[in-house]
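Participant: Below: sequence and its predicted model.
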Amino acid sequence: MSDNSSKKVAIVVLAAGKGTRLKMDIPKPLAPLHENTLVDYVIDTFKDFGDITLVTGHQRELVEEHVNKKFENINYVYQKEQLGTGHAVQTYLKDFENSRGYDYTIVTCADTPLITKETVSSLIEEIEKGSNAVCATFTADNPTGYGRIIRKGTGFQIVEEKDANDDQRQIDEVNSGLYIFKTLYLMDHIFNLSDDNKSGEFYLTDTFSPEANVTPLLFEEPREFLGVNNLIQLSQADIYLRRSIARYLMLEAGVRFTDPSHTYCYSKNIGQGTHLFQNAFIDDKTVIGKNVIIEQGVTIKNSIIEDGAIIKANSYITDSKVSNGASIGPMAQLRPGSNIGEGAKLGNFVEVKKSNIGKKSAVSHLSYVGDAEIGDGVNIGCGFITCNYDGANKNKTIIGDGSFIGSDTQMIAPIEIGKECYVASGSTINKSMPDGSFAIARGRQETKEGMAKRFIKKKTDK
C-alpha cells in the first residue's frame with residue numbers, strides 16, 4: 001500500500017473448496033506445501049494489508065481450527081452451498097457484519113500460495129488511481145482453463161473458458177483470480193449476477209465490464225498466480241517457491257548454490273558467503289549465518305547455524321544450535337536441544353541429544369551424547385556412550401573443562417566428571433570423579449603364551 005494511503009482494506013479469501021482432484025482426505029486449503037499449508041501462505045502474504053475473512057465450506061471446522069492455531073484476528077463466513085465465486089462474495093457481504101465498512105475489498109483464493117506482497121501493493125496502488133476494480137492478469141503459454149481477458153476500449157471483461165467462443169479462446173491474457181474492488185462498487189454489482197451460463201454458477205468475474213471503469217493489470221511473472229488443483233500443480237508450487245527463495249538468496253543475500261534446482265531451501269535467513277551444496281534441505285524456521293558451508297545431503301530443521309560453521313555431508317540437525325566455527329559430521333545427528341559450542345567438532349556417526357558441547361571440544365566419531373553437559377576443551381574418543389536412560393528416567397552426565405575421555409568409554413548417568421580428568425579407554429564409569437583425577441574401570445588383561453593355537457581354527461583342504 002502506498003505510504004500516504006489511509007484506506008481501510010478487507011481481504012476475502014475463498015477457502016470453501018473440497019479439492020477433489022488433489023486426491024487427499026483433507027480440505028483443499030489445508031493441502032501441504034513445504035511444512036505449511038496452502039492457506040498459510042495466502043494469509044501470511046495478505047495479513048499486513050488489512051482484515052482477513054475466510055469464506056469456508058467443505059470441512060470448515062478443520063480449516064478454521066488450523067488457521068486459529070497459527071494466526072490471530074481471522075474472521076470466518078460459512079458458504080453452505082458452493083454456487084460459484086460470485087456467490088461466495090455475496091455470502092461474505094451479507095454475513096460478515098462489517099463488510100461494508102471498508103474502502104477496498106480484495107478477493108483472492110486459498111489455493112494460490114505464491115502471490116507476493118509486491119503484487120498486492122501494485123493492485124492497491126492501481127485502484128488508488130481511480131478505477132472501480134482491478135484484476136491481476138498474466139499471459140499464459142497455454143491458456144486452457146483460464147478466463148480470458150477481453151479488452152474493449154479502456155475497459156475489459158472476463159469470459160470463462162466454458163463460455164468463450166473459438167476466437168476468444170485464442171486470447172492468451174488470462175484472469176489470475178486476484179482482484180481488488182472499491183467496496184461500494186462491489187456491493188452495487190455483486191447482487192445482480194446471473195447464473196445463466198454453462199457452469200450454472202454466479203461468477204465474480206461478471207462484475208467486470210468495459211463500461212465500468214475497471215482495469216486489467218498485466219503482470220510479467222505468471223508463476224506466482226499458480227492455482228493448486230492437483231498434485232502436479234502442488235509439486236510445481238513447491239518448485240517455484242524454492243526457486244524464488246534461491247533467486248533472492250543468490251542476488252540479494254550473496255548465498256552460493258552449487259545446484260539451486262536440486263537444493264531444498266525454504267529459509268531466507270541465510271548470511272552472505274554461505275555455500276549450499278546440492279540436495280541440502282533447510283526449512284523456513286532455520287537461521288544460518290555468514291560463510292557457512294552446508295554440504296550435500298544435509299537436513300536442517302528449526303535450528304541456528306552461526307558464522308563459519310561447517311555441516312558436512314548427510315548430517316541431520318533438528319531444533320539445535322551450532323556456534324561459530326563448529327564442525328559437524330559427516331553423517332552426524334543433532335537431535336532437539338543440542339547446543340554445540342564455538343569451534344567444537346563432532347565427527348562421523350556422532351549423535352547428540354539435549355546436550356551442551358563446550359568450546360573447542362571434540363567428539364570425533366561413533367559416539368552417543370545424551371542429556372549431557374560437556375565443558376570446554378574436552379576430548380572424547382571413539383565409541384563413547386552416555387548411558388542416560390535407566391528404564392524410567394533420563395539422567396545427566398557432566399564432564400568438566402579440559403578432560404580426556406578415552407575410546408570405548410561408557411558413562412553410567414547420573415554422573416559428574418570434574419575438570420581436567422583422564423578416563424582410560426575401555427572403561428565403564430559409574431562413580432563421579434573429582435577435578436584432576438584418573439579413572440580406569442576394565443578387567444585385568446591376562447596373556448597366556450603359546451595358547452592361541454587352541455583357539456585358532458584352520459581351514460581344511462577338501
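Facilitator: Structure received.
Participant: who does the strand or helix carrying Val174 touch, helix- and strand-wise?
Facilitator: In this structure, Val174 is located in strand 173-182 according to DSSP states H and E. Where contact means 3 or more C-beta pairs under 8 Å, 6 or more residues apart in numbering; DSSP states H and E, strand 173-182 is packed against strand 104-109, helix 117-127, strand 133-139, strand 148-152, strand 214-219. Heads up, the C-betas are built off the backbone N, CA and C, glycines and all.
Participant: tell me the most buried of the ones you listed?
Facilitator: Most buried of those, by mean neighbour count (mean count of other C-beta atoms under 10 Å): strand 104-109, with a mean of 25.
Participant: Work out the sheet partners of that strand and label each with its direction, please.
Facilitator: Strand pairing for strand 104-109, using DSSP bridges, gives strand 9-15 (parallel), strand 173-182 (antiparallel).
Participant: would JSON lines of the ones you listed with mean neighbour count and mean pLDDT be doable?
Facilitator: Conversion of the strands paired with strand 104-109 to JSON lines gives the following (neighbours: other C-beta atoms under 10 Å; pLDDT from 0 to 100):
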{"stretch": "strand 9-15", "mean neighbour count": "26", "mean pLDDT": "98"}
{"stretch": "strand 173-182", "mean neighbour count": "24", "mean pLDDT": "97"}
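Participant: which one of those lies closest to Glu97?
Facilitator: Proximity of the strands paired with strand 104-109 to Glu97 was assessed by C-beta to C-beta; the nearest stretch is strand 9-15, lying at 11.9 Å.
Participant: Direction-wise, compare the closest one with helix 117-127 and give the angle.
Facilitator: Calculated by axes from the mean of the first three to the mean of the last three C-alpha atoms, to 10 degrees, strand 9-15 forms an angle of 120 degrees with helix 117-127.
Participant: what does strand 9-15 rub up against?
Facilitator: Contact with strand 9-15 is made by 1, 27-29, 39, 42-43, 46, 49-57, 63, 85, 88-89, 92, 99, 102-110, 124, 183, as judged by C-beta atoms under 8 Å, 6 or more residues apart in numbering.
Participant: please redo it, this time with the cut-off set to 6 Å
Facilitator: Strand 9-15 is touched from outside by 29, 39, 42, 46, 49-56, 63, 88, 92, 102, 104-110, with contacts defined as C-beta atoms under 6 Å, 6 or more residues apart in numbering.
Participant: moving C-terminal of that strand, what's the next helix or strand?
Facilitator: Note on strand 9-15: by DSSP H and E, the next helix or strand toward the C-terminus is strand 32-33.
Participant: List the strands paired with that following strand, with their directions.
Facilitator: When sheet partners are counted by DSSP bridges, strand 32-33 sits next to strand 36-37 (antiparallel).
Participant: what number of residues lie near Ile304?
Facilitator: Taking other C-beta atoms under 10 Å as the neighbour definition, Ile304 ends up with a count of 19.
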